[in-house]
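Peer 1: Model the following, please.
(chains A and B)
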Number of protein chains: 2
Amino acid sequence: MIAEIITIGDELLIGQVIDTNSAWMGEVLNQIGIKVNRITSISDNRDEIISTLKEASKRAHLVLITGGLGPTNDDITKKTLADFFRVNMRFDEKAFEDVVHLFSIRGREVSAINRLQAEVPENCITLYNKVGTAPGMWFDEADVVYVSMPGVPYEMKYLMENEVIPRVKKRFKTPFIVHSTILTFGIGESFLAEKIASFENKLPSHIKLAYLPSAGSVRLRLSGSGDDEEGLKKEIEGLTKELSDIIPEFIYGYGKDELPRVVGDLLKSNGLTLATAESCSGGFMAHLITSIPGSSAYYMGSSVTYSNESKTQLLNIPPSLIEMHGAVSEPVVLAMVEAVKKLFNVDCAIATTGVAGPGGGTPEKPVGTVWVGVSTPHETKAYVLKLGDNRLRTIEVAALSGLNLLRKGLLKK
Amino acid sequence: MIAEIITIGDELLIGQVIDTNSAWMGEVLNQIGIKVNRITSISDNRDEIISTLKEASKRAHLVLITGGLGPTNDDITKKTLADFFRVNMRFDEKAFEDVVHLFSIRGREVSAINRLQAEVPENCITLYNKVGTAPGMWFDEADVVYVSMPGVPYEMKYLMENEVIPRVKKRFKTPFIVHSTILTFGIGESFLAEKIASFENKLPSHIKLAYLPSAGSVRLRLSGSGDDEEGLKKEIEGLTKELSDIIPEFIYGYGKDELPRVVGDLLKSNGLTLATAESCSGGFMAHLITSIPGSSAYYMGSSVTYSNESKTQLLNIPPSLIEMHGAVSEPVVLAMVEAVKKLFNVDCAIATTGVAGPGGGTPEKPVGTVWVGVSTPHETKAYVLKLGDNRLRTIEVAALSGLNLLRKGLLKK
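Peer 2: Numbering: from 1, shown residues only, chains lettered A, B, ... in the order given. I've put the predicted structure just below:
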């Protein structure tokens, strides 16, 4: 059961708008066992639309189309669909009632141009849109279903959830697809691949493994498809367990977990509080932590000490210690983490000091050298990282590493 | 001059990753007069890749491909390209040196699998990647140029800016396109459109005006195309000046300026230092400031005081003041900005306190209410903002607003 998505609009091709609709539709279809094979973005151009529809109809059973349904001249999807199917337009009274109703609750007059929004190709089933003025359309022709929806994300989502998905489930027999995502931190893609090579090589053909890397972390995704949902779920569960047992020290979560949320949940469930002292990460660790709603329950704040003087003024780091070891050193990061713990009167703390670059590197401490200090109620430890010469990546990985090291520290006791 | 973009990766089709690369590439190509006609996302599947390449080569002069270049088994783009061109692979010594160098500065060993990353199809020009382990590849075959790049956004951007765009400009004759971008902050798109309506309506047909909104700011881009480069440049310059004169109070820069850099340059040129005190912005203002290389010359740090207690402990805000007015109030933000200025012994300071949400709102102070305090050597002032109910957007706009208000304060004297 194969689907394709076609998104229509010049704004997608010149980069004015990022196509977020396709990813959302891909995820929703995937959840009901429909594989999206291709996503195509094209301009508001009649010939492009028709040729893309023709190609898609040869490959897919379901073609979802978004965009080009507005009331203005550049929106030509509806007329082009009528041409594609060689049919005329009809006026849909009920769709027009929806338009009139929507305008009345927004306190606006219906204009002649809005009347056109209730016209649809005569071979479609109208999908009534309660949250916008352009109706969706469902065409079932020569064993292919085509669905046309507005490009406005919340209108598309309304129609998908209330009209399209229920109809698709009725119309097609869909296989079961089961996913499991394992979230790792602190190991590169190639090292991970080596560690799990024998696991990967013996996977059956209906199970796929994908590596999804981002700064400092790699997500591993197991996907299986088949007809026996229960059996498949058990199989994927078993494989997830097996994979987890090979690399337990690198796993911080599963599925949609996020590292700052995992750390926050650990702190909350242990009734612990946290503060941070940031030099090279420059406030980014505080930002990651406070991105999570409710973080004020366990996070007290950060001393971002970006100069040697501020390390002394705010955290009482002796100038002699900085002079002797350098600001990027184990003794200084340990002094920072202890000091900030006292200053905020908290149970746990994380500190960073490093050379983010591009300037400031030396042969002994090249750009990318970062010391991270972590303190839990049980121990205080320092770690050194080598993060390379991309400033923003170093800031990001330093901050995430601090959180991951605290996570590991909290699990240890 | 037509281009197509092909993005490869199962993660795009199941909605795990949103394709942001295509929009970025579309914008960059558009700026040099190349029209992107189609964006296609497909899976890591040999036959799909080959058929998509074949189709694209019939329609476009330039085909940009991202994704599927990692070292693991699911990354098959490189091998498939060799099959498509019917060539063998060769080992690229220089690409391997890049891999070895990158691993050494990250303090890691090169594994056998990483050696494979330096293999490329023998008919390509290697595009050396200084920020990642997968090189880009440039193929010029039968009047079509194909470029393959990694899917990791910052690696793709590095290769586009340093290798692909310069080569494309040399290889193809592109029309003269002149752009001018005017950067505004603190005014919504529709209000801006009203203010500049008469300017916009009288633009000649070869000049286009685009509105590019993002959190808190709108970029206005004037683009002209034609054969007379010098005349076009002068015309766009004149229009930029004319447009600037209509809305001077909202403009913080031009072209590729960034607000944190503009503020940093102002501080540096006036020999001034800065510190921040952040409650609702949670360290994000510090992060924006420290994202700029060299910011340690003028930025001393931040007190991120995320709890009432930490506002008292670190900034000596009297508990009675918080009790009387609430933490989100003019008196508290003024006290914060004055306190942090003394604490870090600096010339300028910015403070934020607000309700980022989703919790914590009241009828008088709904979610999205943010107080910003700004202190320069000349004055200290507080401002209230209403930023709505999207937590991450509120954090971002609060931080950017603080920087913009400092900028305006520094220009005043």
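Peer 1: Show residues contacting stretch A:248-263.
Peer 2: For stretch A:248-263, the external contacting residues (CB atoms under 8 Å, 6 or more residues apart in numbering or on different chains) are A:180-187, A:192, A:217, A:240, A:244, A:274, A:288-289, A:291-292, A:295, A:400, A:403-404, A:406-408, A:410. From N, CA and C alone the C-beta is placed, and that goes for glycine too.
Peer 1: Figure out the length between the terminal residues of stretch A:170-179.
Peer 2: Distance across stretch A:170-179, first residue to last, is 23 Å (CA to CA, to the nearest Å).
Peer 1: whoops, stretch A:60-68 was the one
Peer 2: Its start and end residues considered, stretch A:60-68 measures 22 Å (CA to CA).
Peer 1: chain center to it, what's the gap?
Peer 2: 23 Å (CA atoms, centre = their mean, to the nearest Å).
Peer 1: Next one: that stretch, is it in contact with chain B?
Peer 2: No: using CB under 8 Å from any CB of the partner chain, we find that stretch A:60-68 stays clear of chain B, coming within 12.2 Å at best.
Peer 1: quick one: average pLDDT of that stretch?
Peer 2: Taken as a whole, stretch A:60-68 has a mean pLDDT of 96.
Peer 1: Now do the helices in the stretch 101-250 of chain A.
Peer 2: Counting by DSSP state H, counting those that start in this stretch, the stretch 101-250 of chain A has helices at residues A:112-115, A:153-159, A:165-171, A:189-195, A:197-201, A:229-246.
Peer 1: quick one: buried residues of stretch A:255-265?
Peer 2: Across stretch A:255-265, burial judged by 16 or more other CB atoms under 10 Å in any protein chain shown covers A:257, A:259-264.
Peer 1: let me fix that: stretch A:283-300
Peer 2: So, applying 16+ other CB under 10 Å, buried residues of stretch A:283-300: A:283-292, A:295-296, A:298-300.
Peer 1: Mind listing residues that contact stretch A:361-373?
Peer 2: Residues from elsewhere that reach stretch A:361-373, judged by CB under 8 Å, 6+ apart: A:280, A:326, A:328-330, A:332-334, A:336-337, A:349-360, A:380-389, A:394, A:398, A:401-402, A:405, B:105-106.
Peer 1: and if we set it to 6 Å?
Peer 2: A:280, A:328, A:333-334, A:337, A:351-355, A:357, A:382-389, A:394, A:398, A:401-402, A:405, B:105 (CB atoms under 6 Å, 6 or more residues apart in numbering or on different chains).
Peer 1: Also stretch A:63-80?
Peer 2: A:4-9, A:21, A:25, A:44, A:46, A:49, A:56, A:113, A:117, A:134, A:146-151, A:156.
Peer 1: From one end of it to the other, what's the distance?
Peer 2: Distance between the two ends of stretch A:63-80: 15 Å, counting by CA to CA.
Peer 1: so what are the domain limits for chain A?
Peer 2: A:2-171, A:176-254, A:259-412 (automatic domain parsing).
Peer 1: so of those, which one's packed in deepest?
Peer 2: Highest mean neighbour count among the domains of chain A (mean count of other CB atoms under 10 Å in any protein chain shown): domain A:259-412, with a mean of 22.
Peer 1: Get me the contact residues on the stretch 1-150 of chain A for chain B.
Peer 2: By the criterion of CB under 6 Å from any CB of the partner chain, the positions of the stretch 1-150 of chain A lying close to chain B are A:13-15, A:18, A:20, A:23, A:26-27, A:30, A:36, A:38-42.
Peer 1: State the pair within those that is farthest apart.
Peer 2: A:Ile14 and A:Asn30 (28.9 Å; CB to CB).
Peer 1: Output the helix or strand bottoming out on mean pLDDT in chain A as PDB, restricted to C-alpha atoms.
Peer 2: Ranked by mean pLDDT, DSSP states H and E, the weakest helix or strand in chain A is helix A:112-115, scoring a mean of 80. Taking Å, rounded to 0.1, in the frame of the first residue of the first chain, the C-alpha atoms of helix A:112-115 are listed here in PDB:
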ATOM      1  CA  ALA A 112     -18.100  37.100  -5.100                       C
ATOM      2  CA  ILE A 113     -14.600  35.600  -5.000                       C
ATOM      3  CA  ASN A 114     -15.500  33.500  -1.900                       C
ATOM      4  CA  ARG A 115     -18.500  32.000  -3.800                       C
END
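Peer 1: one step back: save the helices of the stretch 101-250 of chain A as CSV, and put in distance to B:Phe172 too.
Peer 2: As requested, the helices of the stretch 101-250 of chain A are exported to CSV (distance: least, CB to CB, whole Å):
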stretch, distance to B:Phe172
helix A:112-115, 41
helix A:153-159, 35
helix A:165-171, 43
helix A:189-195, 35
helix A:197-201, 42
helix A:229-246, 47
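Peer 1: Contact partners for A:Lys195?
Peer 2: A:Lys195 touches A:Ile247, counting by CB under 6 Å, 6+ apart.
Peer 1: quick one on the thing from earlier: closest to chain B out of the buried residues of stretch A:255-265?
Peer 2: Distance ranking of the buried residues of stretch A:255-265 against chain B, using CB to the nearest CB, places A:Pro260 first at 11.2 Å.
Peer 1: Need the nearest residue in space to that closest one, chain neighbours excluded.
Peer 2: A:Leu288 (4.6 Å; CB to CB, 6 or more residues apart in numbering or on different chains).
Peer 1: repeat for A:Gly409
Peer 2: That would be A:Thr376: by CB to CB, 6+ apart, it lies 4.5 Å from A:Gly409.
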